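>>> Return a 3D structure for these sequence lines:
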Amino acid sequence: MHNARRLTRAFAILAAVSMAGCDDAPPETVERIRAIKPYYIIEPAGGDVRQYSGTIAASNTSALSFAASGTVRNVDVNQGDRVVEGQVLATLDTEPFDLDVEAAQSQVSAAEAEFDNQKVELDRQRQLHERGWVARARLDQAVAAFEAAKSQLDLSRTRLGIAERDLAQARLTAPFDGVISTRNVEPFTEISQGQTVFQVDSDDVFEVDLSIPDSVVGRLSIGAPVSVGVPTVPGCGCAGRITEIGASAGAANAVPVTATILEGPDGLLPGMAAQASVVLSNDDGPRGFLVPLVAIVASDENAEGYVFKFDATDGVVRKTPVQGDGSVSGNLIGVTVGVEAGDIIAAAGVSFLRDGQRVTLMGE
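The predicted structure follows:
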């Protein structure tokens with residue numbers, strides 16, 4: 001009898017716990033953001049490979065000069081030195097600039113005093129004129145004197161601002177991280193305003209400047225792959241892609257084209273001679289791009305196949321219909337409709353993706 005009571009009490013407790021659990025709200029479902037392996041659309045489906053001579057250039061370069069003339073007091077860097085943004089490269093003798101600031105401050109003080117005097121005089125002449133004690137001509141003279149004092153004050157303040165700016169710009173600083181590629185200045189020499197004293201080149205990304213005949217430039221596209229070789233740098237077959245195509249032809253009917261080197265080896269320097277192998281799309285037939293076979297989703301009644309294109313703005317993939325040209329190169333297939341140079345598509349696991357699904361790119 002005693003054991004029966006214990007069992008009854010245990011079942012009652014279990015029932016109460018179960019009922020309490022039924023009242024709890026179901027846990028919120030957290031959307032899993034899948035990381036996708038990206039494939040960048042850059043390689044044309046078919047085409048001719050041509051070689052062109054070019055020159056290695058820094059992706060960012062700047063010729064530096066002082067904004068004012070003066071005597072160089074210090075030069076703190078040498079050619080080949082690495083610098084960081086804001087680092088002081090050279091300094092002018094600041095004594096003349098300090099004197100200019102002091103003189104300009106004195107002119108401002110004198111102009112302010114004259115302005116105050118003329119303002120008081122104008123107020124006095126206006127009151128006298130209202131009482132009829134002075135002629136209108138006398139008031140006009142006071143107004144003219146006040147306006148002249150005001151203009152002189154504005155001018156002196158402007159001169160002070162220029163003097164202070166020249167003093168601040170007596171120090172020349174690096175505009176970005178890079179390398180001093182050229183130094184054309186020595187201490188204790190006179191330099192002129194605007195005279196180039198340094199050239200700073202960025203050292204993180206390099207480009208190749210090419211001149212492509214206008215007869216074939218229409219067969220290039222932004223993002224097209226480029227193989228860059230530099231004879232004096234071992235191991236540079238460097239991979240790159242076209243990032244700029246000029247809009248007009250220059251000398252010898254050549255159009256300027258720029259290709260960015262994606263991963264350059266150590267030893268690349270601006271000005272080096274380079275050979276670039278460029279892929280030109282075929283003139284005959286539709287133009288397309290190579291896409292991995294594993295990136296293609298099976299066809300249905302609406303399209304030959306689909307890819308999941310990454311939408312960087314919304315951070316999602318869009319299921320996009322594609323059409324091929326039937327060409328196959330290894331594990332890549334030619335696609336003529338649905339993708340463009342620069343697109344990013346999912347290169348694996350497409351069977352687990354859906355239209356509009358939030359994703360991130362592997363490695364980011």
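>>> Quick check: pLDDT value at Q87.
pLDDT, Q87: 95.
>>> What is the burial count for the closest residue to it other than its chain neighbours?
In space, and not counting its chain neighbours, Q87 is closest to A174: 4.7 Å by Cβ to Cβ, 6 or more residues apart in numbering. C-beta: built from backbone N, CA, C; applies to glycine. A174 is flanked by 21 other residues according to other Cβ atoms under 10 Å.
>>> Sketch out the low-pLDDT regions of the chain for me.
Applying pLDDT under 70 to the chain flags residues 1-31, 42-48, 235-237, 282-287, 326-327, 329, 341-342, 363-364.
>>> For it, give the helix that spans the most residues.
For the chain, the longest helix by residue count, based on DSSP state H, is helix 95-130.
>>> and D140, what helix or strand is that in?
helix 136-168 (DSSP states H and E).
>>> which parts of stretch 63-80 are buried?
Of all the residues in stretch 63-80, those buried under the rule 16 or more other Cβ atoms under 10 Å are 64-66, 68, 70, 72, 75, 77.
>>> ugh, typo on my part, it should be stretch 343-351
Buried residues in stretch 343-351 (16+ other Cβ under 10 Å): 343-347, 350.
>>> First-to-last residue distance for it?
End-to-end distance for stretch 343-351: 20 Å, by Cα to Cα, to the nearest Å.
>>> quick one: contacts of it?
Around stretch 343-351, the neighbours that count as contacts under Cβ atoms under 8 Å, 6 or more residues apart in numbering are 34, 36-41, 291-292, 294-297, 307-310, 312, 317, 339, 353, 359, 361.
>>> among those residues, which are in strands?
Assigned to strands by DSSP state E, the following of these qualify: 34, 36, 38-40, 291-292, 307-310, 317, 359, 361.
>>> Reformat those residues as TSV; add distance to T94.
Converted to TSV, the ones in strands among the contacts of stretch 343-351 look like this (distance: Cβ to Cβ, whole Å):
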residue	distance to T94
R34	59
I36	57
P38	53
Y39	57
Y40	51
V291	62
P292	62
V307	62
F308	61
K309	58
F310	54
V317	59
V359	56
L361	51
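>>> and which of those is nearest T232?
Distances from T232 to the ones in strands among the contacts of stretch 343-351, taken as Cβ to Cβ, are shortest for Y40 (29.4 Å).
>>> Look up phi and psi at the residue nearest to the closest one when sequence neighbours are not counted.
In this structure, Y40 finds its nearest non-sequential neighbour in I344, 5.8 Å apart by Cβ to Cβ, 6+ apart. I344 adopts backbone torsions of phi -120, psi 130, taken as degrees, to the nearest 10.
>>> gap between I344 and V359?
For I344, the distance to V359 (Cβ to Cβ, to the nearest Å) stands at 10 Å.
>>> Common neighbours of those two, please.
Shared contacts of I344 and V359, defined by Cβ under 8 Å, 6+ apart, comprise F310.
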